[in-house]
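**Q** here is my input; please provide its structure:
(2 chains)
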Number of protein chains: 2
Amino acid sequence: MFSVNMAWTVQGVGLASIVALETHDVRFPTSQTLDGSDAMNPDPDYSAAYVRVLTDAGDGLEGHGFVFTIGRGNDVQVAALDALQGHIVGRDVEKTLADLGGLWRDLVHDSQLRWLGPEKGIMHMAIGAVVTALWDLRAKREGRPLWQVLASLSPEEIVDLVDFRYLTDALTREEALEILRRAQAGRAEREALLLREGYPAYTTTPGWLGYDDEKLARLCREAVADGFGQIKLKVGANLDDDRRRLAIARKVCGPDVRIAVDANQRWDVADAIRWMDALRSFDIAWIEEPTSPDDVLGHAAIAKAVAPIPVATGEHVANRVLFKQFLQADALSVLQLDATRVAGINENIAILLLAAKFGVPVCPHAGGVGLCEAVQHLAMFDYVAVSGTISGRVIEFVDHLHEHFVTPVDVHDGRYFPPKSPGAGTEMLRTSIVEYAHDT
Amino acid sequence: MFSVNMAWTVQGVGLASIVALETHDVRFPTSQTLDGSDAMNPDPDYSAAYVRVLTDAGDGLEGHGFVFTIGRGNDVQVAALDALQGHIVGRDVEKTLADLGGLWRDLVHDSQLRWLGPEKGIMHMAIGAVVTALWDLRAKREGRPLWQVLASLSPEEIVDLVDFRYLTDALTREEALEILRRAQAGRAEREALLLREGYPAYTTTPGWLGYDDEKLARLCREAVADGFGQIKLKVGANLDDDRRRLAIARKVCGPDVRIAVDANQRWDVADAIRWMDALRSFDIAWIEEPTSPDDVLGHAAIAKAVAPIPVATGEHVANRVLFKQFLQADALSVLQLDATRVAGINENIAILLLAAKFGVPVCPHAGGVGLCEAVQHLAMFDYVAVSGTISGRVIEFVDHLHEHFVTPVDVHDGRYFPPKSPGAGTEMLRTSIVEYAHDT
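**A** Numbering: from 1, shown residues only, chains lettered A, B, ... in the order given. Modelled structure (predicted):
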């Protein structure tokens, strides 16, 4: 007990330090069951490049974060996490957690690491995992779930977390402050409503391309029975198959359940327009990732041609600068935030603010490894403190791999119920990390 | 001798294989002299994540390639090269080199590795280095410099090297064929002219931000004396400094030498417009990288506002999909191809074809480590077989680190003279690889 007290004393005078950034290559053999199979990803092995931040505060609290990948290359993603050791280890815990906006800038604008992106790909995602791990630590120290930590910050504290570089032609700090101040009214009511009624979810579980028709029908039936108001089907490999599968889904689900489709970047612009014309009669909720996630102008052309079917994208959109352009160009009408694609919580706050500015609903991408656990915090923060609405919003839900997390999601009756445990939801069970460790 | 003969026999029947993909972390301590210092990169250590492809053909020929980085993170880039071992080692040499378009697709569209980009950042650049190393090997086996190897291919062979995925709304295979067929007339004359007179260069040597005024003036004088018709100055850190340095450069160079400026992504859109208004009187040849390389729409807004000053970008443009949009949106009027940013020779051919389609001059980015040696092959191929012109075109030249290459560039009288040695120009001296090996 003495040592614990000592450590608390040390922490009290601001002397606790980050002492380690421990990394792990964790891979689940999902390709064996074709969970996660789509037109571009026939056999993913859902994986996490995992990071654990340790301090000498003596409070037993750790920060956990990860980058979701689909197998090969997870080792390179881990190498990128390791490359951040020198930026993190040795930092003062209190000071670092009190200025995570400053930390974000230090990491993202490191002039040498920046060359490897800039602000995209493996290095950027590694920074995201470390930033999120530090938010996890901060939330645990505050004894609250991350969404409540964020939703209790003042508008000024929130904009301090955001880097407005390259955004000011679309969103200035002052405009962001206005959005946040407007949402201050009603924060408490929305938080209470959220705790009582949850946040709407949709499910992708029925729709993987590798499933046969019988399994598709069964999973559609189960989705409706479970209370989901929306499902999503993978499309884009074969038009006849897509028509047949959509007919099955529409018949099983009935006319009132929304059915979105997802092409996972399979098409060129003209292909996307042709294909969606052929699927129009199925009353499509949105077409997701019709083409390259870098192609803002391509998405804009597709959006115009397939209207009123909404275009959705985001899980592979590399950073806030690309999201800014998607919004400026009317190239998406459903913004699919991802928890581990951009540089962590801070950049996702920038993206939430951009979406609020342009009045576009955010429907986060989830599934994978721990993405449901992580992204719900952002959607709930958005509802309480940024957009102030859940209108037109749903969080993706895929029912796999939750059992590997310390605080798995609570999804029932077609809704996410807010996490109450302290942290960012990103902590994987020690036993899972060990059992699924990848040998290189 | 027996073993060598055996190997030749083996190669003759197509059984030679790639037996190793050897990687190196090579770093030059350039930050000590502030060579390469600009508004975003105060202290780069020019580095190469280096790859050597070995075969059992017994001909003593190897393929060499690299990714240029500026220091920290070069180890992560090397890890990405290592991750490609399984894709390369064991392949049949003849078959692989005969279908480098197919190899490119295998690597870029690997469904699991793709998740780490897609088609951008560390993994994409690693693929580029391996693809280029294989071109280096192919050119050495053919006994010719790469530019001549490429320029002797038929239009059909050239388009087979290109992946038109995500490009067809701007450039189809058929349109590319037309461009190449049109350029077939005059190939021989242009090749002869190139060998005789070289390809125009410009120099960035005088313009690094870390140099004092006296050094700037001296280097400007030397550039003019060396026959360069264009120089480039780094700008964007301080407007008064930029004005003073441009006045010095303009005075020393006289009115007939073109002076370009380079902000290295320092500005937001409004900053870029204001800053360039303030520099207008210096007769600016182009403004390079005014803002984020992902910001197509931002560049388009800047280009419109600063006209007639041309906007240039490319060294950080992640792939052909982004270049397509820059061209579609009139967001650049000088396209700065980079030898190691995209996925190697094949993707750069796609970019050359896009530029030809839109009638935009390509002025390659160079400098760094070996970029001059590498990129000249692409510019010369473009002149002979794609655009058919050098009008408005110049290749960047920076006079450092050439001594580390087996076939350093031949630049004199302000022009690049075509390499005559077999290969892609990407082979570093063994002694340099060893001497500058980075210990991790």
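
**Q** render the CA-only coordinates of the longest helix along chain A in PDB, please.
**A** In chain A, assigned by DSSP state H, the helix with the most residues is helix A:121-142. Coordinates of each C-alpha in helix A:121-142 appear next as PDB, following Å, rounded to 0.1, in the frame of the first residue of the first chain:
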ATOM      1  CA  GLY A 121      -1.800   6.000 -44.300                       C
ATOM      2  CA  ILE A 122       0.200   3.900 -41.900                       C
ATOM      3  CA  MET A 123       2.000   6.700 -40.000                       C
ATOM      4  CA  HIS A 124      -1.200   8.800 -39.600                       C
ATOM      5  CA  MET A 125      -3.200   5.800 -38.300                       C
ATOM      6  CA  ALA A 126      -0.400   5.000 -35.800                       C
ATOM      7  CA  ILE A 127      -0.600   8.500 -34.500                       C
ATOM      8  CA  GLY A 128      -4.400   8.000 -34.200                       C
ATOM      9  CA  ALA A 129      -4.000   4.900 -32.100                       C
ATOM     10  CA  VAL A 130      -1.500   6.600 -29.700                       C
ATOM     11  CA  VAL A 131      -3.800   9.700 -29.400                       C
ATOM     12  CA  THR A 132      -6.800   7.500 -28.700                       C
ATOM     13  CA  ALA A 133      -4.800   5.400 -26.100                       C
ATOM     14  CA  LEU A 134      -4.000   8.700 -24.300                       C
ATOM     15  CA  TRP A 135      -7.700   9.600 -24.400                       C
ATOM     16  CA  ASP A 136      -8.500   6.200 -23.000                       C
ATOM     17  CA  LEU A 137      -6.100   6.900 -20.100                       C
ATOM     18  CA  ARG A 138      -7.500  10.300 -19.500                       C
ATOM     19  CA  ALA A 139     -11.100   9.000 -19.400                       C
ATOM     20  CA  LYS A 140     -10.000   6.300 -17.000                       C
ATOM     21  CA  ARG A 141      -8.300   8.800 -14.700                       C
ATOM     22  CA  GLU A 142     -11.500  10.900 -14.800                       C
END
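
**Q** compute the inter-axis angle for that helix and helix B:121-142.
**A** 160 degrees (axes from the mean of the first three to the mean of the last three CA atoms, to 10 degrees).

**Q** for the residue in chain A that chain B sits nearest to, which residues are in contact?
**A** Across chain A, no residue is closer to chain B than A:G121, which sits at 2.0 Å (CB to the nearest CB). Any C-beta I mention is one placed from the backbone N, CA and C, and that applies to glycine too. A:G121 makes contact with A:A318, B:L116, B:G117, B:K120, B:G121, B:I122, B:M123, B:H124, B:A318, according to CB atoms under 8 Å, 6 or more residues apart in numbering or on different chains.

**Q** next one, pLDDT for it please.
**A** If you check A:G121, the pLDDT there is 98.

**Q** ok, now the one 5 residues further on?
**A** At A:A126, the predicted lDDT confidence score is 98.

**Q** which one is it nearest to, not counting chain neighbours?
**A** A:A80 (3.6 Å; CB to CB, 6 or more residues apart in numbering or on different chains).

**Q** what's around A:D277, how many residues?
**A** 12 (other CB atoms under 10 Å in any protein chain shown).

**Q** for A:P29, same thing?
**A** 11.

**Q** hmm, A:P364 is touching A:V334, no?
**A** No. Counting by CB atoms under 8 Å, A:P364 sits too far from A:V334 to count as a contact (10.3 Å).

**Q** who's more crowded, these two?
**A** A:P364 (27 against 22).

**Q** what sits against the more buried one?
**A** A:Q336, A:L337, A:D338, A:A339, A:V375, A:Q376, A:L378, A:A379, A:I395, A:E396.

**Q** so how far is A:G60 from the second one?
**A** With distances taken as CB to CB, to the nearest Å, A:L337 is found 31 Å from A:G60.

**Q** who's more crowded, these two?
**A** A:L337 (25 against 9).

**Q** assign the closest residue to the more buried one other than its chain neighbours to helix, strand or coil.
**A** Distances taken as CB to CB, 6+ apart place A:P364 nearest to A:L337, at 4.5 Å, with adjacent residues excluded. Following DSSP: H, G, I helix; E, B strand; the rest coil, the label given to A:P364 is coil.

**Q** dihedrals phi and psi, A:P364?
**A** phi -60, psi 140 (degrees, to the nearest 10).

**Q** one step back: can you pick the most crowded of the contacts of A:G121?
**A** B:I122 (34 neighbours).

**Q** which residues touch that residue?
**A** Per CB under 8 Å, 6+ apart, neighbours of B:I122: A:V76, A:A80, A:L116, A:G121, A:I122, A:M123, B:V76, B:Q77, B:A80, B:L116.

**Q** now it: how far from A:R91?
**A** Note on B:I122: its distance to A:R91, by CB to CB, is 25 Å.

**Q** now swap in A:S432 and tell me
**A** Counting by CB to CB, the gap from A:S432 to A:R91 is 28 Å.
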